[in-house]
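*Asks:* Sharing a sequence plus its predicted fold:
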Amino acid sequence: SPGLRFRLPFVIILFQAIFLTLFSLFVTYNEHTDAAAQTNETDHSQNELYEIFPLFQDIQVMIFIGFGFLMAFMKQYGFAGVAFNFLTANFAIQWALLVQGFFNHYYHGKIHIGIYNLINAEFACATVLISLGAVLGKVSPIQLLVLALFEIPIYVTTEWTISEYLKISDVGGSMVLHVFACYFGMSVTRVLYRPGLKDGHSKEKSSYQSDLLAMMGTIFLWIFWPSFNSALANRGDDQHRAVIHTYIALSSCTLTTFALTSMVEKKGKINMALIENATLAGGVAVGTSVDMMVTPGGAFILGCIASVVCTLGFKYLTPFLAKHLKIQDQCGIHNLHGIPGIVGAIGGIITILLSSEDTYGLSLYETFPHRAPAHDDPKLSEMVRLLPVLKAGAGRSASEQALYQAATLGVSIGASVLGGFLTGLVLKLPILAQLPDEHCFDDEPYFEVPELEEKELNQIKISSENCEEKLRLNEN
Amino acid sequence: SPGLRFRLPFVIILFQAIFLTLFSLFVTYNEHTDAAAQTNETDHSQNELYEIFPLFQDIQVMIFIGFGFLMAFMKQYGFAGVAFNFLTANFAIQWALLVQGFFNHYYHGKIHIGIYNLINAEFACATVLISLGAVLGKVSPIQLLVLALFEIPIYVTTEWTISEYLKISDVGGSMVLHVFACYFGMSVTRVLYRPGLKDGHSKEKSSYQSDLLAMMGTIFLWIFWPSFNSALANRGDDQHRAVIHTYIALSSCTLTTFALTSMVEKKGKINMALIENATLAGGVAVGTSVDMMVTPGGAFILGCIASVVCTLGFKYLTPFLAKHLKIQDQCGIHNLHGIPGIVGAIGGIITILLSSEDTYGLSLYETFPHRAPAHDDPKLSEMVRLLPVLKAGAGRSASEQALYQAATLGVSIGASVLGGFLTGLVLKLPILAQLPDEHCFDDEPYFEVPELEEKELNQIKISSENCEEKLRLNEN
Amino acid sequence: SPGLRFRLPFVIILFQAIFLTLFSLFVTYNEHTDAAAQTNETDHSQNELYEIFPLFQDIQVMIFIGFGFLMAFMKQYGFAGVAFNFLTANFAIQWALLVQGFFNHYYHGKIHIGIYNLINAEFACATVLISLGAVLGKVSPIQLLVLALFEIPIYVTTEWTISEYLKISDVGGSMVLHVFACYFGMSVTRVLYRPGLKDGHSKEKSSYQSDLLAMMGTIFLWIFWPSFNSALANRGDDQHRAVIHTYIALSSCTLTTFALTSMVEKKGKINMALIENATLAGGVAVGTSVDMMVTPGGAFILGCIASVVCTLGFKYLTPFLAKHLKIQDQCGIHNLHGIPGIVGAIGGIITILLSSEDTYGLSLYETFPHRAPAHDDPKLSEMVRLLPVLKAGAGRSASEQALYQAATLGVSIGASVLGGFLTGLVLKLPILAQLPDEHCFDDEPYFEVPELEEKELNQIKISSENCEEKLRLNEN
């Protein structure tokens, strides 16, 4: 396929050249990475790096091992699953460093970076990898890079708008990240609808080994999800709660999924694809309220609900969407990220409506900075006397904050549907090496694949059937 | 199998409902997770979370990846190995959070939780997963949940009794965790004895791929064992020693195992099953003395001894136990956890007998708090002047402490044998979906298994043999 | 093979006995692990352990999972790849603890150890594992142990000489570790040249599953490389920069590799072996300058260059070296460690030539301690007033420092070529169980291998071909 030979290197080299230029011109160190910014009074053990480095590494494992091997679940699409994830994630992270840098870390004519930039870039990258799930196996690597090229700035803009104007709480990214990524991907796959795949595809299946490796991907995602959900929470009790809640939600979600998969599958057998996906839904559903006082019981129930909607989604909604709305959601991201993300948004709203100084003390205004009294409110100075770190907020009530949260869900869905639609149109351009249906879910067009035992097997099968046939003829 | 379709979901949903109710009614935050407990004087960077979070994540990898893939070593029991480990571990952790909570963190009518509760629950969970090793492949998932249901409270009670009344040192859990888990599992598998398996089972074998994935499980357990052994040690030099000793013991154990496997196996070939198991025995054997001044050489020799007993156990003891005592120890937990645990206990006793203020300084009374002078001893106040953090102990001598350690080993074995026996009787109840022998070591009864290449292969083999046979007849 | 049965256990047991004796006689605790060294004033949270433990665990994953599974990339050499890595690494680490201990941590008649000794030993171990790559599949485990036995002291001596006399900067080890390990391995494989393999070997290939597991090894190496490159940097901004630069270099290297593999391979298909190796070259190439102010753009371009030289090396240089210089470099370590290491050395020299107080402030003399003014220089006391932690250096200019760096590269290459040559001669001794060519790249001589499906397959294939043949004869 000439598409690959010339176009993929061309696209990568072009963008590497552009990114290199931008990095060279604009990217420099921030006060935690710049040697010249260290003074006599610098306490090196307080460098920002140490706050977050273990979480950063956990999130790296999620991005490259977790997503990578989970996407390698198909029998003949394992190389592509893990390698295209590797390719796309790196591209997305570089691009996000630049785009987020221009939005959030640009001053004195430079983007100033440190470890938090990398983490934020990985969050942006996660949106691309989630969206990718909708079209896995059906797009060329060039299309994947273009997907990242468009999704990153649309995501960053949306997220910036939300944090600038709506000022909401969503540290685990249920709304801003998962819902956005899901509906972006759904939109893209709708535009790229393939009628030829409406009755399935012969290669669209897993093998024993591919399921085991995918399960490893799942478990690494599962294990490190507490790091993901807590990375951007306030240090201290907020981050601590985020870890505990994520863990509890994932745990109840996992058990519920084992129960449900036995119930909905024929003969009561456990479906590994469900275990590989639905056990993670709890981490999404607890994302918005993860640093709040949602209570351990609240996290538990969010995990159960996430499992129910996700499992039923895989069983009933995905086929429905494919058939009636022409949305072919390959990995079922709508079940794992979309609906659980909406559950997470609602969970956040309820938690906020129930939140008050009674349960939070003055920490209420740290967890929800916009609920702190405004600058001119006399209550502020009173509070500051008790808790000097407190800053003026917008004086929002619980229900006002809840309204902003709901508005955010709307903005996230709107921006992602629209952004995904436009991106999908671009991806349809013939120059991007769209795959014919028969080459979907197959490593062969892209990779030098070691001779598969299976191929040999088929050959032998045919020759042995020939033998039998001839013998039968001989006998007659 | 109707057992699975109806009974597994029923059992899971029933207990999830019960646990959810208990979580909602009783589980709340502790002072490190409660927003309202943070004050003006709280230094968020001192939150307990940061002390232990990296170790917590390491232990998570051990529980879910390490145990999971090590238990997936059988050719046709890979899905079950990793998925039932995932299921059982989650169930056990939730249940342990509650049971340990009622024992150790219950006040003002609530269980107060934070990250240390999760770690302690994972230790409790580890006992269940170890015991599971004895019956792997021979019990239904419902039986596994019931096993956890019984083992967790029996373990927690035993551990509570020991820490309350015997006050011994065993931070790596050689006695309290490994020995307990082993004899519990041995007792269970004795009760569940299957005469039909006494000559082995056709599916009870590994494949090339399953051995490689099991090896990955082993190596993750191996790598993170220093985190496991040090997690509950005192902060500072104690924890530091625990890391170093575990590492050295594992290392000498690994090398010795490579030597021994070549010696005991026919043609001097290395047996992967031994490498997957015996290389870990050093971590068990150093568990009791891991934070003491056992010396690097002492840790080294404990690792060597652990390897010898473990390797010889696999080769000679396991078949003996199966044949003469009707104890079918599927994964050889007696070799990996039982005997090395006893070695660990003895190592601890010897180390304690050799310990004195000469080698420890006043730290002696921090590592062994019960050897500190009692409240009314005048020496106490003298010491407190030198080391103000010191607390009154029980004034035990080295040999007294050693006696208590020995008593603990006895209590641990006694409680586990008895507890395992009772649990085994419950597991025999017909309602728990006991498997017929022929379905052992097989994913098929529980999972939707992708068509195995092997099956096809067998079919072709038969057809090709038919061909040859007919040709031979033709020729005659 | 009697070689294995008697000689491997003999060699291991002999050296375990020697190491155990040395550990018992000489190895003791340092001030962070010795209970008696803790006083009333000790702040346990400042124990050295906590500075570095997460990095230590990351590096462990690299050594045992990363290297292990990357070396398991061959179809029938998976057990050996991962198990011999496990064996050799443990042997090398124990030996390095002793040798480095005598060089660097020996006083009062004892070697004093703590967590940093383990990390340094793992760095030494990494050199052995890299060198091993050159002869992978062609040497017996006994030869591997002897390789480690020789390489460790030669490496430690070289490194000690460099740090004592040349006093250069190379925290990621581009020159001291990667270049050394590479040319040591190249020298060894040159001496062990096998004419019988000059046209390849039938078993020297990967399978679908082995490539996926190797890819997992690669990705774990990739993820944790920032920990490796930053572990020995100064705490604070230096370590922070090391993380950022490594990440950027790996990222640009990965993207460039995807572009190049499509370009150089036939039909534009991606070669997994290249992805498994060349994506890591960026981490090597940025190693010398990783803690310097190389700038994000500089790291980016080093990653790109590394990818280019590595990919072209695999494609053109490796076959050339094998054919014309009789250097059979099995894993292509010259491409991944040799040339990128030299690129790293040059990158370091350029970065140093461009470094000045303008960009570093006084931190210049912390990152490059030997550029600080000498004891008798009046500038020193002036600087110390501004930055009291500053210590007297050698008053080197930028270009003097650059010269020392260049000299180090020369010393590293010289010592490694010579050391490798001598070690190679020893490895040729017949007593070390040299393998015949036909047993290369095969687990069979060393491991009890589960019956491979493939073998069966071949049998069936032959029988079915026989059938067809006979039928054809019958018909004529």
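*Replies:* Okay, I see it. All figures in this text were calculated on a predicted structure; none of them were measured in a lab. Residues are numbered from 1 along each chain as shown, chains lettered A, B, ... in the order given.
*Asks:* distance between stretch A:212-224 and the chain's centre?
*Replies:* Distance, stretch centre to chain centre, for stretch A:212-224: 14 Å (Cα atoms, centre = their mean, to the nearest Å).
*Asks:* any idea of the pLDDT on residue A:459?
*Replies:* Predicted confidence (pLDDT) for residue A:459: 68.
*Asks:* Are the longest helix belonging to chain A and chain B in contact anywhere?
*Replies:* Criterion DSSP state H: the longest helix present in chain A is helix A:398-427. No: using Cβ under 8 Å from any Cβ of the partner chain, helix A:398-427 stays clear of chain B, with a minimum separation of 14.6 Å. C-beta: built from backbone N, CA, C; applies to glycine.
*Asks:* Tell me how far residue A:63 lies from chain B.
*Replies:* In this view, residue A:63 and chain B are 16 Å apart by Cβ to the nearest Cβ, to the nearest Å.
*Asks:* got the contact list for that residue?
*Replies:* A:89, A:122, A:125-126, A:129 (Cβ atoms under 8 Å, 6 or more residues apart in numbering or on different chains).
*Asks:* Quick check: pLDDT value at it.
*Replies:* Looking at residue A:63, its pLDDT is 98.
*Asks:* returning to that earlier point: using neighbour counts, pick out the buried residues of the longest helix of chain A.
*Replies:* Residues of helix A:398-427 classed as buried by neighbour count (16 or more other Cβ atoms under 10 Å in any protein chain shown): A:398, A:401-406, A:408-409, A:411-413, A:415-416, A:419-421, A:423-424, A:427.
*Asks:* Please, where are all the helices along the stretch 101-250 of chain A?
*Replies:* All helices of the stretch 101-250 of chain A, identified by DSSP state H, counting those that start in this stretch, fall at A:115-135, A:141-161, A:180-191, A:208-230, A:237-264.
*Asks:* can you put those in CSV and add mean pLDDT?
*Replies:* Converted to CSV, the helices of the stretch 101-250 of chain A look like this (pLDDT from 0 to 100):
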stretch, mean pLDDT
helix A:115-135, 97
helix A:141-161, 97
helix A:180-191, 98
helix A:208-230, 97
helix A:237-264, 96
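*Asks:* Which of those sits closest to residue C:195?
*Replies:* Closest approach to residue C:195 among those is made by helix A:208-230 (37.3 Å; Cβ to Cβ).
*Asks:* where does the closest one sit relative to the chain's centre, distance-wise?
*Replies:* With Cα atoms, centre = their mean as the basis, helix A:208-230 stands 13 Å off its chain's centre.
*Asks:* Could you figure out how far it is turned away from helix B:208-230?
*Replies:* 30 degrees (axes from the mean of the first three to the mean of the last three Cα atoms, to 10 degrees).
*Asks:* quick one: helix A:208-230 to helix A:237-264, angle?
*Replies:* Computed by the same axes, to 10 degrees, the angle between helix A:208-230 and helix A:237-264 is 150 degrees.
*Asks:* Starting from residue C:308, give me the distance back to the closest residue to residue A:12 other than its chain neighbours.
*Replies:* Nearest residue to residue A:12 in three dimensions, chain neighbours excluded: residue C:259, at 3.8 Å (Cβ to Cβ, 6 or more residues apart in numbering or on different chains). Taking Cβ to Cβ, to the nearest Å as the measure, residue C:259 falls 10 Å from residue C:308.
*Asks:* Show me which of the two is the more surrounded one.
*Replies:* Neighbours were counted for residue C:259 and for residue C:308 using other Cβ atoms under 10 Å in any protein chain shown; residue C:259 has more, 23 against 20.
*Asks:* just checking, that one touches residue A:16?
*Replies:* Yes: in this structure residue C:259 lies within contact range of residue A:16 using Cβ atoms under 8 Å: 7.3 Å.
*Asks:* Tell me the residue of the stretch 251-400 of chain A that sits nearest chain B?
*Replies:* In the stretch 251-400 of chain A, no residue comes nearer to chain B than residue A:268, which is 2.6 Å away by Cβ to the nearest Cβ.
*Asks:* quick one, phi psi at that residue?
*Replies:* The phi/psi pair for residue A:268 (degrees, to the nearest 10) reads phi 70, psi 20.
*Asks:* ok, it touching residue A:262?
*Replies:* Yes: using Cβ under 8 Å as the test, residue A:268 is close enough to residue A:262 to be in contact (4.8 Å).
*Asks:* ok now do the residue nearest to residue A:12, which residues does it touch?
*Replies:* A:8-9, A:12-13, A:16.
*Asks:* Tell me how far it lies from residue C:274.
*Replies:* From residue C:259 to residue C:274 the distance is 11 Å (Cβ to Cβ).
*Asks:* Then residue A:156?
*Replies:* As judged by Cβ to Cβ, residue A:156 and residue C:274 stand 32 Å apart.
*Asks:* Then residue A:313?
*Replies:* With Cβ to Cβ as the criterion, residue A:313 and residue C:274 are 39 Å apart.
*Asks:* what's the answer for residue A:222, then?
*Replies:* With distances taken as Cβ to Cβ, residue A:222 is found 31 Å from residue C:274.
*Asks:* Between the two, which has more neighbouring residues?
*Replies:* For residue A:222 versus residue C:274, the count of surrounding residues by other Cβ under 10 Å is larger for residue A:222: 27 against 24.
*Asks:* now residue A:95, what's its secondary structure?
*Replies:* helix (DSSP: H, G, I helix; E, B strand; the rest coil).
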